[in-house]
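Trainee: Show me the folded form of this:
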Amino acid sequence: MLQCEQIVDTERYPINNRNSPLRSETVDNVRQQLAQDGCAVIRNFFSNAGIKSLLQEAVERLPEVYYSPNKACNVYLGAGDPSLPADHPRNVFLERSNGFITADLFDPGTACQRLYHWQALCEFLAECLQKEHLHIYADPISNMIVNVGKTGQRFNWHYDTNEFTITMLLQGAESGGQFQYVPGLRSAADECYGDVARVLQGDDSRVRKLELNPGDLQFFLGRYSLHQVTENTGAKDRLLLIMSFTEQPGVIGSRTRVKDLYGKVSDAHLGDQNALVRSDGLLD
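Mentor: Okay, the predicted model is just below:
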């Protein structure tokens, strides 16, 4: 069994050594990238053995991937509003065909779960994000998932529930499957519906495109940046490990959204949904 120090290329990125100049340099680089446009990438973050182990766990669970029967959704992954015009962003529904391997399918001994709960990684991510503390996303279904994009599948424009997301590409598409985003399209105080509508109508003047390679670690501020993964036009599945963290403890997804995306909920979703912890009043 690989230790977490062996999953990450700690010779190149000694994230478990707070006194390392290389670690400090990496943190500074990430902060600069995030300040520029809300997205940062650490190339070749994982060792060869580490990426192989993570990929194998995902491939083994492909028979259990969940594909939502709801093939269309708005950018908020929620319901429309009949009181608003048909072309309002809340009423524009786009194709969504990718699937998910959920967190509950990975037992605590898997490399994916051990890495997710590794304190050294959590502290490193917090420092990169300039957060005093990070907490494990409390949602037991979606806190650590694998996004699966098979040939012909895509995940159209949407926002994330949490402010930031950490992703690791395990296997890229041979063609297509490109990550695209519009940094800072909304704020905690304003949905900026007009700007969203322009993107949905085809205005790509603010759209940025990112090429990722297997083993890359990506930081992304997806709560405020609209983003999508384009259609996978190759023969291989695109497999992306997604780890979510929060500044506040106890944050979970809404019952409706979790059920729609992942096909199930847990006991944590059956309580008072009005008491959900959120950092803002934006649509989910």
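Trainee: In the stretch 151-284 of the chain, what residue spans correspond to strands?
Mentor: With strands called from DSSP state E, counting those that start in this stretch, the stretch 151-284 of the chain shows them at 155-158, 165-171, 179-182, 208-210, 217-220, 226-229, 238-246.
Trainee: now those as TSV including mean neighbour count?
Mentor: C-betas here are computed from N, CA, C, even on glycine. As requested, the strands of the stretch 151-284 of the chain are arranged in TSV below (neighbours: other Cβ atoms under 10 Å):
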stretch	mean neighbour count
strand 155-158	22
strand 165-171	22
strand 179-182	21
strand 208-210	13
strand 217-220	22
strand 226-229	24
strand 238-246	24
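Trainee: so how far is residue 194 from the residue lying farthest from the centre of the chain?
Mentor: Relative to the C-alpha centroid of the chain, counting by Cα atoms, centre = their mean, residue 83 is the outermost residue, at 31.1 Å. As judged by Cβ to Cβ, to the nearest Å, residue 83 and residue 194 stand 18 Å apart.
Trainee: Residue 162 too?
Mentor: Taken as Cβ to Cβ, the span from residue 162 to residue 194 is 25 Å.
Trainee: Neighbour count: these two, which is higher?
Mentor: Using other Cβ atoms under 10 Å as the criterion, residue 162 and residue 194 rank with residue 162 on top: 20 against 8.
Trainee: The nearest residue to that one once chain neighbours are set aside and residue 122: what is the separation?
Mentor: Once flanking residues are discounted, residue 162 sits nearest to residue 244: 5.1 Å by Cβ to Cβ, 6 or more residues apart in numbering. Computed as Cβ to Cβ, the residue 244 to residue 122 distance reads 12 Å.
Trainee: likewise residue 12?
Mentor: 20 Å.
Trainee: Relative to residue 62, which of the strands of the stretch 151-284 of the chain is closest?
Mentor: strand 238-246 (8.5 Å; Cβ to Cβ).
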